[in-house]
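Can you look at this prediction? I've put the sequence above it.
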Amino acid sequence: MSGITTTTGWADGRSFSARLFALDGTEKIPVSHLAKFYTPTLRSGGLEHTTLDDGWLTLKPNQAAMTLRFQYHSKTPDRLHFMLSLDSDRHRNLGISRNHYLGLYKHSRIDDFWKIEPLAWGNDTLRCRMRDHQGRQVKVQAGPPYYLTVGEGNAHEFLIMRTP
């Protein structure tokens, strides 16, 4: 298991909030769920357009990274396990669609934790690989859009930046 450090670090056994970035060489690419779309809705006063957040996680180079809540679950010698949710709406939990895409789900029960594989610790950062509860590595699909998936895609390392 070369390249893997022990789980000893500031995230070990603790819950926290953090921004998430995909790493491409030295570039940090924000992970976001801010893909918005518009849908017409017929109301008694006429046609209105509603903005909806689709919840799918994508790489958004020109937007701010979303903030996730990492709720500590458990650990193994080389992995930390967390339940993940949107920090601003903790009822939206990170899950996987039938097609292997990562998304924030509000009305679905999600009982599966995410595995964080520490690679390098900083004062408020953690370079890592992310895996689902079955051990499938989080990847990025060729795009655009660049969806996060545990299916087909390019393996990436991620950077977790703890927020105050």
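Yes, it's here.

pLDDT weak spots in this protein?
1-6, 34-53 (pLDDT under 70).

Spell out which helix or strand contains residue 128, please.
strand 125-131 (DSSP states H and E).

name the helices or strands packed onto that strand?
If contacts are counted by 3 or more CB pairs under 8 Å, 6 or more residues apart in numbering; DSSP states H and E, strand 125-131 sits against strand 114-121, strand 157-162. Every residue, glycine included, has its C-beta placed from N, CA and C.

So what are the sheet partners of the very next helix or strand once past it and their directions?
Downstream of strand 125-131, the next assigned helix or strand under DSSP H and E is strand 139-140. Note on strand 139-140: by DSSP bridges, its sheet partners are strand 148-149 (antiparallel), strand 154-155 (antiparallel).

Could you point out which of those strands sits nearest residue 88?
Closest approach to residue 88 among the strands paired with strand 139-140 (CB to CB): strand 148-149, 18.7 Å.

quick one: contacts of that closest one?
22, 31, 56-59, 100-102, 138-141 (CB atoms under 8 Å, 6 or more residues apart in numbering).
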